[in-house]
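Undergrad: One predicted model, sequence on top.
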Amino acid sequence: MKSKINISVVINVRNEAQHLTKCLKSIKDIADEIIIVDMKSTDNSVQIAKSYGAKVYSYRPAKFVEPARNFALSKATGKWILLLDPDEYLQKTLKKELKSITLRNDIDFVKIPRQNFIFGKWIRHANCWPDYLIRFFKKGAVTWQKEIHSQPITKGNCYTLLDSEKLSIKHNNYQTINQFITRAIRYSNIQADELDAKDYKVKTSDFILKPIQEFNSRFYFSEGYKDGIHGLVFCLLQAFAIGLIYAKLWEKQGSSDKQFLKESFVSASQEANFEYDHWFIKYFQKEYSPNIFKIILIKFRHWLNYLTKNF
């Protein structure tokens, strides 16, 4: 008699041979069933998947994974589903914890912390930890929306694991700056299209405030500076990625100069000045107060004030 499938592991892949072996090796002792949905890979991802006994299904190529999520979940037959990306892997303590959860009747889906390794370092701040994600759930308790980076729709009772390194999914995120920029270009096109479809009209302030707010929220409020130069570079790149979205939207909407009015630039500069006053003084200067930082702040404020008055 065929044994009942308790845990299905579901992974969407497209040219992920570089990571897939480590991912599959890490879950082979927890998975009763492995579902791989391949989006027309041109490397040997499919061969690697089959070598681990995975059931492989094909799906049309997509610019991002969300549209293929529900298709992949529909192929799983287990009572519980563990959803992973191919550049993620599990360790022993987390697998033991997930197995114990399957014995409980009061849990429908689980939020799991994720360790993001960026440019070779675990980024503990900059809004990258504990990075809780819903990745373990009963079949039917979770469905995915089609928008990029969207949160799933859930039903039932949630259980949140401790924000412990031992209970986290390991994620080999951006390995190089080139990889980050390549993804940023791809994602910015998609997100600009989504904003345009919602009739969002790009404003001059978007080019200034959106990137600044992104940097401030990660570097100051989420203490990205504590991750050293890795944190600084990552926060700067995130700000660039946000600015790129609005640059692409501006281009898509006709690349007009009419939006660039003095009033809107002045307003954006004043708001940027306020942003730096607030975040620098409240979250950064109090902890790192050498004169060099004060000098940088003063010079930056003078520059903003000059632009505000003279543009």
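TA: That came in fine, so what should we check first? Everything numeric here is computed off the predicted structure, so don't read it as measured data. Numbering: from 1, shown residues only.

Undergrad: For Ile48, give me its contacts.
TA: Listed by CB atoms under 8 Å, 6 or more residues apart in numbering, the contact partners of Ile48 are Ala17, Leu20, Thr21, Leu24. C-beta here means a position set from N, CA and C on the backbone, and glycine is covered the same way.

Undergrad: Report the secondary structure state of it.
TA: helix (DSSP: H, G, I helix; E, B strand; the rest coil).

Undergrad: Now do it against Pro130, distance only.
TA: 30 Å (CB to CB, to the nearest Å).

Undergrad: Tell me how many other residues surround the nearest residue to Gln253 once chain neighbours are set aside.
TA: Among residues not flanking Gln253 along the chain, Val202 sits closest, at 6.1 Å (CB to CB, 6 or more residues apart in numbering). Residues near Val202, counting by other CB atoms under 10 Å, number 23.

Undergrad: try Pro67
TA: Around Pro67 there are 18 residues (other CB under 10 Å).

Undergrad: Toward the C-terminus, what is the element adjacent to the helix or strand harbouring it?
TA: Applying DSSP states H and E as the criterion places Pro67 in helix 66-74. Counting by DSSP H and E, the next helix or strand C-terminal to helix 66-74 is strand 80-84.

Undergrad: What helices and strands are in contact with the helix holding Pro67?
TA: strand 7-13, strand 33-38, strand 80-84, strand 142-143 (3 or more CB pairs under 8 Å, 6 or more residues apart in numbering; DSSP states H and E).

Undergrad: what bridges to Ile153?
TA: Using DSSP bridges, the bridge partners assigned to Ile153 are Thr143.

Undergrad: residues in contact with it?
TA: Ile153 neighbours (CB under 8 Å, 6+ apart): Val142, Thr143, Trp144, Gln145.

Undergrad: repeat for Asp206
TA: Tyr246, Leu249.

Undergrad: so how far is Ile242 from it?
TA: Taken as CB to CB, the span from Asp206 to Ile242 is 9 Å.

Undergrad: What residues of the helix or strand that contains Asn189 count as buried?
TA: Asn189 belongs to helix 177-197 when assigned by DSSP H and E. If you call a residue buried by 16 or more other CB atoms under 10 Å, then helix 177-197 has these buried ones: Phe180, Ala184, Tyr187, Ser188, Asn189, Ile190, Gln191, Ala192, Leu195.

Undergrad: Any idea how far that helix is from the middle of the chain?
TA: When distances are taken as CA atoms, centre = their mean, to the nearest Å, helix 177-197 is centred 13 Å away from the chain's centroid.

Undergrad: for stretch 23-31, same thing?
TA: For stretch 23-31, the distance to the chain centre is 23 Å (CA atoms, centre = their mean).

Undergrad: Please apply the same query to stretch 234-247.
TA: Going by CA atoms, centre = their mean, where stretch 234-247 is centred and where its chain is centred differ by 13 Å.

Undergrad: what's the single longest helix in the chain?
TA: helix 228-252 (DSSP state H).

Undergrad: List the buried residues in it.
TA: 230-250.

Undergrad: which outside residues touch that helix?
TA: Contacts of helix 228-252 (CB under 8 Å, 6+ apart): 118-119, 121, 123, 125-126, 128, 174, 177, 180-181, 184-185, 187-189, 191-193, 195-196, 200, 202, 206-207, 210-212, 214-215, 218-219, 224-225, 227, 256, 259.

Undergrad: what's the angle from that helix to helix 177-197?
TA: Using axes from the mean of the first three to the mean of the last three CA atoms, to 10 degrees, the inter-axis angle of helix 228-252 relative to helix 177-197 is 40 degrees.

Undergrad: which stretches of this structure have low pLDDT?
TA: With pLDDT under 70 as the threshold, the chain has low-confidence stretches at 1-3, 256-311.
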